[in-house]
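Peer 1: Quick one: sequence and predicted model below, then my questions.
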Amino acid sequence: MLEQTTVQCPYCGETLITEVDGWTSHRYIEDCPVCCRPIEFEATIDQLGELERLVARRDDD
């Protein structure tokens, strides 16, 4: 199950939409469509498969 959510790019501040796989907690990297820098996402999924938390951070942090 994919869930769309809105986040802010930690580099340029642009708001973007990302899709999160709702099966398990995981990390993934996606490039910002505006500044093209890699954003590391950490998704926490609860036991019902709902997105509990999504953290977007710079890849160089």
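Peer 2: Cool, the structure landed.

Peer 1: In which helix or strand does residue 17 reside?
Peer 2: For residue 17, the element it lies in under DSSP states H and E is strand 15-21.

Peer 1: now that strand, how far from the centre of its chain.
Peer 2: Between the mean C-alpha location of strand 15-21 and the chain-wide mean there is a distance of 6 Å, by Cα atoms, centre = their mean, to the nearest Å.

Peer 1: Against which helices or strands is the helix or strand just after it packed?
Peer 2: Heading C-terminal from strand 15-21, the first helix or strand you meet, by DSSP H and E, is strand 26-31. Contact here means 3 or more Cβ pairs under 8 Å, 6 or more residues apart in numbering; DSSP states H and E; on that basis strand 26-31 packs against strand 38-45. The way it works is simple: take the backbone N, C-alpha and C, and place the C-beta from them, glycine included.

Peer 1: avg pLDDT for the strand it packs on?
Peer 2: For strand 38-45, mean pLDDT is 95.

Peer 1: by how many degrees do the next helix or strand after that strand and strand 26-31 diverge?
Peer 2: Next in sequence after strand 38-45, counting helices and strands by DSSP H and E, comes strand 51-58. Here the directions of strand 51-58 and strand 26-31 differ by 50 degrees (axes from the mean of the first three to the mean of the last three Cα atoms, to 10 degrees).

Peer 1: what comes into contact with strand 51-58?
Peer 2: By Cβ atoms under 8 Å, 6 or more residues apart in numbering, the list of residues contacting strand 51-58 from outside reads 3, 5, 7-11, 18, 20, 22, 37, 39-46.
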